[in-house]
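Chemist: coordinates only, sequence not included:
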C-alpha cells in the first residue's frame, strides 16, 4: 500500500513538473484606455478591438504567450513599464531617440506620418523641409500666427509642435479625444496627430466641417515607426517579439490583418 502511495505521489509530482515546464509566458501589455481607432478602442461590450489588438493577438500566439491587457493612461505607460507593473507597451508608441534613453523597443510594426487637421475656416498650412533635412518648417509663418494648435501630452506631436510652431499657441491635452472635441467646438484652430487616426476623425466629422490641412514632412522627432516598448535589458522578450513580428509578416498574416483596417501599406518601407 505504501509503495502504491509513493508511486502515485511520484506520478503527480512528475505531471506537475511537466505542466510547469510547458506553462505559457505571461505578458502584461500596457494600452491606454482612450479610443484611438483604428488602432485600439473598447467596443460597446467593453472588449478591445482594432488593428493593434488583432496584431497583438497574432504575435502572442506566435510567441505561445498568455498576454493580458492592462489599461494605463498614456503618460503613465513608460513609468508603469519601468516600475514593472507591465512588461510591454503596445500602443502606437513611436520609436524615438528620446524615448530610447529610458526604454527599449522592438522592431517597428507600422509607420505612418503626422497630419494637421483643422476647421473649415482655418487656412491650409504649408510646411516644407528645412535645407538641412532635420525637420519641417512653416513655409508661410502667417499660416499659424495667432492660431491655436492642440496636441496630446507626451507625444512626438507635442514635441514637434513645441519645436517648429513658434508662431502658434500650442495647447497640450491629456488625450487626443479632448483636443479633437475642442477642435469640433471651435476652441482651437488645428490639431496635430497621427495621419491614420486624423483621417478617421475627419471622416466621422465631415458634417462638422473638419478637414485635413497637411501631411507633415518626415522629421527625426517622429522616429522610425511604432514599436513595442520594453524595459532596458529585457533582451529575452525583445528577441521573442522581434521574431514574432518577422514570422507574422513572412506568413502573410500581418497583411491579412492590415487589410481589415487600411487600404494602403501601413507598415511603410
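Modeler: Arrived safely. Here the structure is a predicted model, which means the values were calculated and not measured.

Chemist: secondary structure class for residue 68?
Modeler: strand (DSSP: H, G, I helix; E, B strand; the rest coil).

Chemist: state the number of residues packed around it.
Modeler: Using other CB atoms under 10 Å, residue 68 is surrounded by 12 other residues. C-beta coordinates here come from the backbone N, C-alpha and C atoms, glycine included.

Chemist: repeat that for residue 123.
Modeler: Applying other CB under 10 Å, we find 14 residues neighbouring residue 123.

Chemist: what about the strands in the stretch 101-250 of the chain?
Modeler: Remark: strands assigned in the stretch 101-250 of the chain by DSSP state E, counting those that start in this stretch are 104-110, 114-119, 127-129, 136-138, 148-152, 169-173, 190-194, 210-215, 226-230.

Chemist: now do the end-to-end distance for stretch 31-47.
Modeler: With CA to CA, to the nearest Å applied, stretch 31-47 spans 13 Å between its terminal residues.

Chemist: which other residues reach that stretch?
Modeler: Identification of contacts with stretch 31-47 by CB atoms under 8 Å, 6 or more residues apart in numbering yields 48-53, 69-74, 77, 89-92, 175-177, 196-197, 200, 261-262.

Chemist: what's the distance between the closest residue to residue 237 other than its chain neighbours and residue 115?
Modeler: Distances taken as CB to CB, 6 or more residues apart in numbering put residue 230 closest to residue 237, at 5.8 Å, once the chain neighbours are dropped. Using CB to CB, to the nearest Å, residue 230 is found at 28 Å from residue 115.

Chemist: buried residues in the helix or strand hosting residue 56?
Modeler: Per DSSP states H and E: residue 56 is located in helix 51-63. Buried residues in helix 51-63, defined by neighbour count with 16 or more other CB atoms under 10 Å: 51, 52, 53, 54, 55, 56, 58, 59, 60, 62, 63.

Chemist: try stretch 245-263
Modeler: Applying a neighbour-count criterion of 16+ other CB under 10 Å, one finds 245, 248, 253, 254, 257, 258, 261 buried in stretch 245-263.

Chemist: helix, strand or coil: sort out the fourth one for me.
Modeler: In this case it means residue 254. With three-state DSSP as the basis, residue 254 sits in helix.

Chemist: among the buried residues of stretch 245-263, which are in helices?
Modeler: Within these, residues falling in helices by DSSP state H are 245, 248, 253, 254, 257, 258.

Chemist: check the first one and give its pLDDT.
Modeler: pLDDT recorded at residue 245 is 98.

Chemist: distance of it from residue 106?
Modeler: Residue 245 sits 7 Å away from residue 106, going by CB to CB.

Chemist: before we move on, what about the second one?
Modeler: Applying CB to CB, one obtains 12 Å for the distance of residue 248 from residue 106.

Chemist: again with the third one
Modeler: Distance, residue 253 to residue 106, using CB to CB: 17 Å.

Chemist: how about residue 246, what does it touch?
Modeler: residue 107.

Chemist: again, but for the one 3 residues further on
Modeler: When contacts are counted by CB under 8 Å, 6+ apart, residue 249 is found next to 255, 267.

Chemist: so the residue most central in space within the chain, which of the three states?
Modeler: Nearest residue to the geometric centre of the chain (CA atoms, centre = their mean): residue 92, 0.8 Å. Assigned by three-state DSSP, the conformation of residue 92 is coil.

Chemist: what pLDDT does it get?
Modeler: Per-residue pLDDT puts residue 92 at 97.

Chemist: neighbours of the residue nearest to residue 237, just the number please.
Modeler: When neighbours are counted by other CB under 10 Å, residue 230 registers 20.

Chemist: contact partners for it?
Modeler: Going by CB under 8 Å, 6+ apart, residue 230 touches 81, 87, 88, 89, 103, 104, 105, 106, 237, 238, 241.
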